[in-house]
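Participant: Need coordinates for the below:
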Amino acid sequence: TNDAASHMKQKLKKELGDRATEIQIFTFHSFSENILSEQYIKLGYSKKPKLMNSGDESYMMKKYFYDFGNLNSTVFKRNPILAIQSFRKIFDSITNNLLSELELNIFKKEETKKIEKNNDSEEIEKSKQLIDSVEAFVQYQKWKKKRDYIDYGDMITNLWDLLNKDEKFLIYIQNQYKHIIVDEFQ
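Facilitator: Residues are numbered from 1 along each chain as shown. Modelled structure (predicted):
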């Protein structure tokens with residue numbers, strides 16, 4: 001959190017005095033945001049992305065809900081608000097677990113197989129909701145990128161993508177930081 005970063009700055013200043021000003025201290029998100037503000041072109045944005053808050057996210061999903069395509073879930077078709085609430089939870093899980101598009105496609109195939117092998121209508125509906133959520137996530141990511149928006153999850157996943165896909169960038173970051181301390185990492 002920002003409070004934890006501030007606390008760490010104070011602790012280091014107390015221990016190191018003026019030398020503490022040479023040390024950069026960030027939250028994961030602010031670290032990512034600082035780097036991405038310089039590297040956004042490599043990620044496919046046309047300008048520095050604007051950070052969305054939860055209200056922006058809900059607004060975008062509500063406004064473009066019917067552009068998500070043909071939903072498989074009957075529950076989601078009947079109740080867009082419930083669908084959006086579910087989407088947000090699944091989207092957070094996808095970004096928190098740094099799932100790639102390949103991993104999402106494998107997941108969708110597994111859920112499709114479950115549908116084919118299952119006779120339980122509730123289980124089939126759950127699988128359809130998961131498939132819809134994954135497909136909506138991919139579409140939502142495209143919408144945000146087209147409009148030069150990011151959310152908190154994108155800060156981390158975009159940095160992760162850069163580190164994994166751009167070897168020059170990885171070397172650059174490795175050369176920038178000799179030591180990294182993660183305070184109370186859980």
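Participant: what about this structure, any weak spots by pLDDT?
Facilitator: 184-186 (pLDDT under 70).
Participant: Do a quick rundown of the helices in this protein.
Facilitator: With DSSP state H as the criterion, the chain has helices at 2-16, 28-39, 54-63, 74-78, 80-96, 101-117, 121-146, 152-165, 167-176.
Participant: Please identify which of those is closest to residue 46.
Facilitator: In terms of Cβ to Cβ, the element of the helices of the chain nearest to residue 46 is helix 121-146, at 8.8 Å. From N, CA and C alone the C-beta is placed, and that goes for glycine too.
Participant: Tell me the helices and strands packed up against that closest one.
Facilitator: helix 54-63, helix 74-78, helix 80-96, helix 101-117 (3 or more Cβ pairs under 8 Å, 6 or more residues apart in numbering; DSSP states H and E).
Participant: if I look at the closest residue to residue 164 other than its chain neighbours, how far off is residue 54?
Facilitator: In space, and not counting its chain neighbours, residue 164 is closest to residue 170: 7.8 Å by Cβ to Cβ, 6 or more residues apart in numbering. Distance of residue 170 to residue 54, given as Cβ to Cβ, to the nearest Å: 32 Å.
Participant: who has more neighbours, those two?
Facilitator: Between residue 170 and residue 54, residue 170 has the larger neighbour count (other Cβ atoms under 10 Å), namely 13 against 10.
Participant: Grab the most central residue of this structure for me.
Facilitator: residue 153 (2.7 Å; Cα atoms, centre = their mean).
Participant: which residues touch it?
Facilitator: Residue 153 sits next to 91-92, 94-96 when contact means Cβ atoms under 8 Å, 6 or more residues apart in numbering.
Participant: just residue 43 next, same as before
Facilitator: Taking Cβ under 8 Å, 6+ apart, we find residue 43 in contact with 36, 145, 158, 161-162.
Participant: Go through those and single out the one with the most neighbours.
Facilitator: Neighbour-wise, these (other Cβ under 10 Å) top out at residue 158, 24 neighbours.
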